[in-house]
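Visitor: predicted model follows, preceded by the sequence.
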Amino acid sequence: MVVSVKNLYFHYDNPQLPILNIPHWSVQAAERVFLYGPSGSGKSTLLNLLAGIFLPTSGKIEILGQTLTTLSGGQRDKLRARHIGVVFQQFNLIPYLDAVNNIKLAARFAGTENAGGRARELLNSLGIEEQLHHQPAARLSLGQQQRVAIARALVNRPELLIVDEPTSALDRYNRDTFISLLLDQVERNQTALIFVSHDLSLAASFSRVEDLLAINQAEGKT
């Protein structure tokens, strides 16, 4: 089991208006899960909880057998760096670093110093030509930045990959290209994938489709 959620309850300011109330939810190894829901349904909040950035108000979240609430902040950071890849909606690349060094930085956080070869291998497999490997991220196109973000998330060979609304700014061609490249990499690495989007047209590419509104019993979704 890669992800196990039991009696998860989370609220921000008002305990009477929980954002999430999920009795049970899980993700198996190498499973590809498409999680959808409208804006404000708690998708990004759930991802932050699964990544150990937020902690639940109550309940239990296990990632690879480790209970997040029993770990210190530093321990959660290490777990995330070594075992969880995250592709953010805004990519969060460092604009003045080139593609290779953006990826190597993620490896360094996980304690891997010699990741240049792995970074270049991932970039090549994602269709980033070698002459672009040392371009500052700010000079890359949106689609190229997105591929660098995928490579950065996969550099440490994580068991879990979390992808948050990555296609909202892309046209249909670049969106479809992104999905194809992402799923190819997930298949190669046998990585469990949680892909969050409100775009149901993408769901057919995934082995499991979940409606967050169906699994979340909270009445205070916002």
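Guide: It's in.
Visitor: which helix in the protein has the most residues?
Guide: In the chain, with assignment by DSSP state H, the single longest helix is helix 172-189.
Visitor: find the residue at the geometric middle of this structure.
Guide: Per CA atoms, centre = their mean, the C-alpha nearest to the average position across the chain is that of Ile162, at 1.9 Å.
Visitor: ok, it to Asn101 distance?
Guide: 23 Å (CB to CB, to the nearest Å). The way it works is simple: take the backbone N, C-alpha and C, and place the C-beta from them, glycine included.
Visitor: what segments of this protein are helices?
Guide: Counting by DSSP H, the helices of the chain are 43-50, 73-83, 99-109, 116-125, 142-154, 172-189, 212-215.
Visitor: closest one to Val5 among these?
Guide: Taking CB to CB, helix 43-50 is the member of the helices of the chain nearest to Val5, at 8.0 Å.
Visitor: got the contact list for that closest one?
Guide: Defining contact as CB atoms under 8 Å, 6 or more residues apart in numbering, one finds that helix 43-50 is touched by 3, 5, 8, 10, 19-20, 22, 35-37, 54-56, 61, 63, 68, 84, 86, 160, 162, 164-165, 194, 196, 212.
Visitor: 7 Å - rerun?
Guide: Helix 43-50 is contacted from outside by 3, 10, 19-20, 35, 37, 54, 56, 61, 63, 162, 164, 196, 212, using CB atoms under 7 Å, 6 or more residues apart in numbering.
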